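Peer 1: what follows is a predicted protein model with its sequence.
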Amino acid sequence: MGVRIHHIVTGELESSLPVSLLNSGAHPDVPHERRLPFGFRDDIVRRDGSVHAGVMVPVPVWLIEGTEETILIDTGLGDIDEVSAMQSRYGVDFVASRTRDQDLVAGLARHGVRPDDVDVVVLTHLHFDHIGNNELFPNARFVVQRDELPQAQHPPHFCMFYYPEYAYKIDAVRDRLLVIDGDHALDPAVRLVKIGGHTPGCMVVMVTTDVGVVCLTSDVMYNYRNLELNWPMGSFWNLPELMAGYDRLHEEADIIIPEHDWQFLEEHPSGTVG
């Protein structure tokens with residue numbers, strides 16, 4: 001059996017159209033319905049009872065099976081109440097939720113893996129929804145780009161989705177951090193590629209499988225509309241760098257998988273690629 005990639009959802013977050021697509025994807029040559037992300041709706045109810053248009057997006061981690069070590073990509077969404085309170089303090093009142101079947105430990109168990117079994121955790125970047133369960137993996141080393149650490153430890157006020165209250169998630173694994181600078185071969189089948197763009201040190205994961213080279217895009221591509229329209233999401237650090245990353249993904253990958261989109265299960269109904 002070759003290398004396989006398993007999609008494990010750790011919760012959902014509300015995303016608005018301006019976050020999902022820069023400038024809401026507005027263009028006279030792009031019909032309105034063409035730019036709406038999969039699952040877009042107009043009846044998302046927030047904690048205060050207000051109703052908003054948007055999409056509830058999955059917050060996944062990716063378990064890579066068949067490599068020399070057990071590899072997990074990101075650790076997903078942490079405690080829902082903590083996340084909601086933290087975001088609200090910064091004026092972000094988007095819905096965060098988790099169902100029973102979106103528990104990370106249970107999701108790993110469905111593939112015969114316990115948290116103690118994970119050897120390597122790749123932190124594609126350090127936004128709150130990618131580091132929320134770091135403390136669950138006592139035996140893992142954590143791989144991160146050097147350029148991500150300053151933002152996570154002491155985020156400037158203008159940086160979205162880095163929160164100083166969440167710096168403890170990095171502190172919890174500091175003695176096991178493998179800090180890299182640029183592209184990195186993690187395994188004969190797994191290559192980490194630094195793209196930046198979305199954040200200073202955002203990286204994608206290229207996985208060689210029996211069906212070709214699969215790119216796990218992290219938030220370089222947030223949803224399938226970003227991929228189909230070649231149109232970035234609304235949260236970015238360096239737009240020219242981000243769009244150069246799009247070109248690189250198309251050049252180097254056979255299958256591109258955007259990060260936060262339930263359309264993934266339409267394209268790969270088993271939840272597994274490879």
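Peer 2: Right, received. Where do you want to start?
Peer 1: now residue 199. Nearest residue, chain neighbours left out?
Peer 2: residue 125 (4.4 Å; CB to CB, 6 or more residues apart in numbering). Yep, even glycine has a C-beta here, placed from its N, CA and C like the rest.
Peer 1: contact partners for that neighbour?
Peer 2: Residue 125 makes contact with 145, 148, 198, 199, 201, 202, 203, 218, 219, according to CB atoms under 8 Å, 6 or more residues apart in numbering.
Peer 1: of these, which is the most crowded?
Peer 2: residue 203 (32 neighbours; other CB atoms under 10 Å).
Peer 1: go ahead and produce CSV holding the CA coordinates of stretch 212-223.
Peer 2: Taking C-alpha atoms only, stretch 212-223 is exported to CSV below (Å, rounded to 0.1, in the frame of the first residue of the first chain):
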residue,chain,number,x,y,z
GLY,A,212,0.2,11.5,-8.2
VAL,A,213,1.7,14.4,-6.2
VAL,A,214,-1.0,15.8,-3.9
CYS,A,215,-0.6,19.3,-2.6
LEU,A,216,-2.2,20.1,0.8
THR,A,217,-2.4,23.8,0.4
SER,A,218,-3.0,25.0,4.0
ASP,A,219,-4.5,28.5,3.7
VAL,A,220,-2.6,29.3,0.6
MET,A,221,-5.8,28.1,-1.0
TYR,A,222,-8.7,28.4,1.4
ASN,A,223,-11.4,26.9,-0.8
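Peer 1: that stretch: which residues count as buried?
Peer 2: 214, 215, 216, 217, 218, 219, 220, 221, 222, 223 (16 or more other CB atoms under 10 Å).
Peer 1: the residue nearest to residue 199 in helix, strand or coil?
Peer 2: coil (DSSP: H, G, I helix; E, B strand; the rest coil).
Peer 1: so how far is residue 194 from it?
Peer 2: When distance is defined by CB to CB, to the nearest Å, residue 125 is 10 Å away from residue 194.
Peer 1: same question, residue 214
Peer 2: Distance from residue 214 to residue 194, by CB to CB: 18 Å.
Peer 1: so what's the closest residue to residue 255 other than its chain neighbours up against?
Peer 2: Of all residues not flanking residue 255 in the chain, residue 214 sits nearest, at 4.6 Å (CB to CB, 6+ apart). Shown in contact with residue 214 (CB under 8 Å, 6+ apart): 5, 206, 207, 208, 253, 254, 255, 257, 273, 274.
Peer 1: show me what stretch 249-269 is in contact with.
Peer 2: Applying CB under 8 Å, 6+ apart, the external contacts of stretch 249-269 come out as 7, 13, 15, 37-39, 57-60, 193, 195, 204, 206, 211-224, 226-227, 271, 273.
Peer 1: so how far does that stretch reach from one end to the other?
Peer 2: Distance across stretch 249-269, first residue to last, is 23 Å (CA to CA, to the nearest Å).
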